[in-house]
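# Just the structure for this:
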Amino acid sequence: MEQATKDFNTGPDWKVKGMNVILNDMKGLVLASSLNERLIGKNTLEIKDPNGKEFVKEMVATATKGEGWVDYQFINPETKKLEERSMFVKRLPGSDLFVGVAITK
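Residues are numbered from 1 along each chain as shown. Predicted coordinates:
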């Protein structure tokens with residue numbers, strides 16, 4: 001787990017244009033983000049996308065069920081452009097963590 005967190009945060013293999021890999025706990029705390037290092041250590045449970053969708057809460061709910069897709073809008077911190085994104089989230093067995101991989105539509 002420690003190595004995966006480090007790799008997601010700093011590894012060039014995870015910093016692919018149009019993709020984001022995250023590791024969160026079920027309370028919304030960001031443990032790793034390949035796209036936005038400023039989110040690491042922050043609780044994002046209450047944030048909303050530009051349309052007011054509480055997408056992190058939806059990610060947690062989806063991960064609680066096991067796995068699935070969550071659609072949302074996102075302002076890319078690198079390009080500053082609004083993007084339509086989909087994230088596949090999956091709960092890590094035996095933990096209160098989930099991993100997510102987002103793609104730009």
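# For the rest of this, base every contact and every neighbour count on C-alpha atoms.
Fine.
# May I ask you to name the longest helix in the protein?
Under DSSP state H, the helix in the chain containing the largest number of residues is helix 55-65.
# The next helix or strand after it pairs with which strands, parallel or anti?
Next helix or strand after helix 55-65 toward the C-terminus (DSSP states H and E): strand 67-75. Taking DSSP bridges as the criterion, strand 67-75 forms sheet pairs with strand 82-91 (antiparallel).
# What average pLDDT does the helix or strand following the strand it pairs with get?
Going down the chain from strand 82-91, the next helix or strand is strand 97-104, by DSSP H and E. Per-region confidence: strand 97-104 scores 93 on mean pLDDT.
# what about strand 97-104, distance to the chain center?
5 Å (C-alpha atoms, centre = their mean, to the nearest Å).
# packing partners for it?
Under the contact criterion of 3 or more C-alpha pairs under 8 Å, 6 or more residues apart in numbering; DSSP states H and E, strand 97-104 touches strand 19-25, strand 82-91.
# what comes up buried for the last one?
For strand 82-91, burial by neighbour count (16 or more other C-alpha atoms under 10 Å) applies to Glu83, Arg85, Ser86, Met87, Phe88, Val89, Lys90, Arg91.
# Now do it and strand 97-104, the angle between them.
Interaxial angle, strand 82-91 versus strand 97-104 (axes from the mean of the first three to the mean of the last three C-alpha atoms, to 10 degrees): 150 degrees.
# Send me strand 82-91 as CSV with only the CA atoms.
Below are the C-alpha coordinates for strand 82-91, written out as CSV (Å, rounded to 0.1, in the frame of the first residue of the first chain):
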residue,chain,number,x,y,z
LEU,A,82,-13.8,22.2,-17.7
GLU,A,83,-13.7,18.5,-18.6
GLU,A,84,-16.4,15.7,-18.7
ARG,A,85,-14.9,12.8,-16.7
SER,A,86,-15.8,9.3,-15.7
MET,A,87,-14.1,7.6,-12.8
PHE,A,88,-14.1,3.8,-12.2
VAL,A,89,-13.9,3.2,-8.4
LYS,A,90,-13.2,0.0,-6.6
ARG,A,91,-13.1,-0.7,-2.9
